[in-house]
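Asker: I'd like to go over a predicted model; first the sequence, then the structure.
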Amino acid sequence: MDAIDRRILDQLQRDSSQTNQALADEIGLSPSACLKRVNRLRDAGVIEREVALLNPDTLGQRLHMVVEVTMERDNKSLYQQFLTSAVNAPEVKQCYQVTGECDFVLIVAVADLDEYDRFCDSVLYAHGNLRKFRTLLSRKRHKFDTSVQLSR
């Protein structure tokens, strides 16, 4: 990946809906050369997918929780069972296996506390290897950035 590829990726992370012509003009390439590079980045898996980011404030009240999960035993198969359950739960928007005082950090979005209780019952309490979890309720989101920092 060269500097031109990184510039393409920077632009696409800002706005992937722009036309190939607009992207090519911004980068300083011909449209065909730009499209070839974008397709190569897609084929290589660098561009994983393109999505629409929605404004949650326009879609009704949502609660966002940061949930720290600590497992009872350090057992790979038990971790995998929990991980599968967490990843498959539609309320879980992000899932990280981490080091430190807890084993997983989940970003969970629900409509209200009743929905969060149902999530706790079906995902968290359902695993016998769960020792404890701690829920941090987000009061306000000040930054949300989906971009990846590209090394130069």
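Answerer: Received, thanks.
Asker: Show me the contact partners of stretch 129-138.
Answerer: Contact with stretch 129-138 is made by 63-73, 75, 78-79, 81-82, 102, 116, 120, 124, as judged by CB atoms under 8 Å, 6 or more residues apart in numbering. Where you see a C-beta, it was placed from the backbone N, CA and C, and this is true even at glycine.
Asker: Name the residues of that stretch that are buried.
Answerer: 130, 133 (16 or more other CB atoms under 10 Å).
Asker: Excluding residues flanking it in the chain, which one is nearest the spatially most central residue of the chain?
Answerer: Centre of the chain computed as the mean C-alpha position; nearest residue by CA atoms, centre = their mean is residue 94, 4.8 Å away. Among residues not flanking residue 94 along the chain, residue 107 sits closest, at 3.9 Å (CB to CB, 6 or more residues apart in numbering).
Asker: From the contacts of stretch 129-138, keep the buried residues only.
Answerer: Buried among the contacts of stretch 129-138 by 16+ other CB under 10 Å: 64-65, 67-69, 71, 78-79, 82, 102, 116, 120, 124.
Asker: and the residues you listed, which two are the farthest apart?
Answerer: 64 and 78 (27.3 Å; CB to CB).
Asker: sec struct for residue 21, please.
Answerer: Secondary structure, DSSP: H, G, I helix; E, B strand; the rest coil: residue 21 is helix.
Asker: so what's it up against?
Answerer: Contacts of residue 21 by CB under 8 Å, 6+ apart are residue 31.
Asker: going forward, begin numbering at 59 instead of 1
Answerer: That works, and once the first residue is 59, the last one we named lands at residue 79.
Asker: roughly how far apart are it and residue 98?
Answerer: 18 Å (CB to CB, to the nearest Å).
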